[in-house]
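S.K.: I would like the atomic coordinates for the input below:
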Amino acid sequence: MPGANKNNITTAFLFIAFFCSEAHAEFREPMNAVKLGFADIHFHTSTSDLEGPPGTTPSGITANINNTQTLAVIYERKISGPWSIVLQGGAPPTLKVDAAGTAKALGKIAAAKAWFPAVILKYSFQDVFGLRPYIGAGVNYTFYTDKHMTDAYTNGFGGKSSSVKLDNTWGGVMKFGAELALDDDWVIDVGYSHYWIKTTAAITTDTPGVGRIERTIQAEANPDAFGLLIGYKF
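M.R.: So this is what the prediction gives:
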């Protein structure tokens with residue numbers, strides 16, 4: 001039946017044209033994004049007691065890391081469909097550490113800049129009322145610079161000077177949030193990340209009449225980071 005064949009050919013042509021247009025639109029979708037913004041960081045500090053040679057360190061001395069804020073930077077690369085790789089970092093916040101437990105009266109005892117860049121595998125869902133939710137997980141690597149102990153710590157242990165070494169560590173990170181498209185290129189990203197970060201601090205104090213005394217403390221920081229960023233896709 002010539003008429004039926006003609007209708008079938010027309011239908012097939014329209015289907016192919018629609019499929020190609022959709023594939024072309026997907027192909028043209030930006031593969032990269034750079035985001036810049038603000039991160040509010042809340043620490044959940046848990047430490048062991050400060051330990052040292054017998055008779056040199058009172059019991060019950062712990063520590064607490066203060067909450068802080070920093071500049072957040074993200075680079076994202078699409079890899080397949082809804083999947084993408086995210087490189088997450090930012091300006092290293094200065095961590096201010098207060099004495100806690102039996103030494104709380106000492107106040108601020110240490111400070112350091114913390115770097116904890118992360119690599120995250122991210123999955124983006126379909127738009128919901130203009131928002132595109134996402135979820136992801138990955139790993140972070142944490143290291144420290146500009147480390148120092150305060151005079152309050154050194155004087156509290158009768159020393160002349162103190163230095164500190166912090167172990168670099170790997171840990172997990174999870175992330176979820178949503179993007180709001182402003183136009184074809186610009187987006188607002190609201191996200192939450194939880195990091196698992198732990199370290200061991202080895203503090204050495206030059207003590208008159210005794211020499212160099214090393215004390216150690218183990219700490220888990222496990223911060224929550226709440227981010228508000230603006231991104232450009234290209």
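S.K.: number of nearby residues for the residue nearest to A99 when sequence neighbours are not counted?
M.R.: Leaving aside its sequence neighbours, A99 sits nearest to L106 (Cβ to Cβ, 6 or more residues apart in numbering; 4.0 Å). In short, each C-beta sits where N, CA and C put it, glycine included. Other residues within reach of L106, judged by other Cβ atoms under 10 Å, total 18.
S.K.: now P53
M.R.: Neighbours of P53 using other Cβ under 10 Å come to 10.
S.K.: what does I135 give?
M.R.: 14.
S.K.: and the residue lying closest to it once chain neighbours are set aside, what's its pLDDT?
M.R.: Closest residue to I135 apart from its sequence neighbours, by Cβ to Cβ, 6+ apart: F176 at 4.5 Å. F176 is assigned 97 on the pLDDT scale.
S.K.: in whichever strand or helix holds F176, what's buried?
M.R.: Using DSSP states H and E, F176 sits in strand 169-181. Using 16 or more other Cβ atoms under 10 Å as the test for burial, strand 169-181 gives G171, V173, K175, G177, A178, E179.
S.K.: same check on stretch 103-115?
M.R.: So, applying 16+ other Cβ under 10 Å, buried residues of stretch 103-115: A103, L106, I109, A110, A111, A112, A114, W115.
S.K.: what does that stretch rub up against?
M.R.: Stretch 103-115 is contacted from outside by 50, 58, 60-63, 89, 92-99, 142-150, 152-153, 156, 164, 166, 201, 203, using Cβ atoms under 8 Å, 6 or more residues apart in numbering.
S.K.: swap the cut-off to 7 Å and go again
M.R.: Contacts of stretch 103-115 with the rest of the structure, by Cβ atoms under 7 Å, 6 or more residues apart in numbering, involve 61, 63, 92-99, 142-150, 152-153, 156, 164, 166.
S.K.: alright, that wraps it up for me.
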